[in-house]
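> A structural model of the following input is requested.
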Amino acid sequence: PVMRVVAIANSQSRSRIFGAIESGMHVRTAMQVFRECDRDGCGFLTWSNGQIRDFVMTVFIQLSLVPPAEMQTYAAHTLFDMNRSMC
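Next up is the predicted model:
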């Protein structure tokens, strides 16, 4: 439900994105963006300095998708950040 609006906004890109997933292009794109966002080279991104937000936004844009709003990205992030470390 957190990303439902984003999924709907990107629904017309579905078959194109399936192709990107099948070819592995989405992973290569995400890894390239991760390296760019991990400016200090520590191997992980944090919310508090904007790295996670920038990563998500940039990956969506590079894949020609409508990116989620910051609030949606934050809501999805908190689903995985169980101890609320904001990393």
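> who's in contact with the residue positioned nearest the centre of the chain?
Nearest to the mean C-alpha position of the chain, by Cα atoms, centre = their mean, lies Val56 at 2.6 Å. Neighbouring residues of Val56 by Cβ atoms under 8 Å, 6 or more residues apart in numbering: Pro67, Pro68, Thr73. Glycine gets a C-beta too; all of them are placed from N, C-alpha and C.
> go again with 10 Å.
Val56 makes contacts with 6, 30, 33, 37, 45, 67-68, 70, 72-74, 76-77, as judged by Cβ atoms under 10 Å, 6 or more residues apart in numbering.
> which among those end up buried?
Val6, Ala30, Val33, Cys37, Leu45, Pro67, Pro68, Gln72, Thr73, Tyr74, Ala76, His77 (16 or more other Cβ atoms under 10 Å).
> reformat the residues you listed as CSV; add distance to Ser85 and secondary structure.
Shown next, in CSV, are these (distance: Cβ to Cβ, whole Å; DSSP: H, G, I helix; E, B strand; the rest coil):
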residue, distance to Ser85, secondary structure
Val6, 25, helix
Ala30, 22, helix
Val33, 22, helix
Cys37, 18, helix
Leu45, 12, coil
Pro67, 24, coil
Pro68, 21, coil
Gln72, 20, helix
Thr73, 17, helix
Tyr74, 14, helix
Ala76, 16, helix
His77, 11, helix
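> got those as CSV, with pLDDT and distance to Gln12 columns?
Putting the buried ones among the contacts of Val56 into CSV (pLDDT from 0 to 100; distance: Cβ to Cβ, whole Å) gives the following:
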residue, pLDDT, distance to Gln12
Val6, 96, 13
Ala30, 98, 21
Val33, 98, 23
Cys37, 96, 27
Leu45, 93, 29
Pro67, 98, 15
Pro68, 97, 17
Gln72, 96, 19
Thr73, 96, 21
Tyr74, 93, 26
Ala76, 93, 22
His77, 92, 26
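> ok, so of these, who is nearest Ser15?
The closest of the buried ones among the contacts of Val56 to Ser15 turns out to be Val6 (Cβ to Cβ; 17.1 Å).
> nearest residue to the closest one in space, please, no chain neighbours.
Leaving aside its sequence neighbours, Val6 sits nearest to Pro68 (Cβ to Cβ, 6 or more residues apart in numbering; 4.5 Å).
> many thanks, have a good one.
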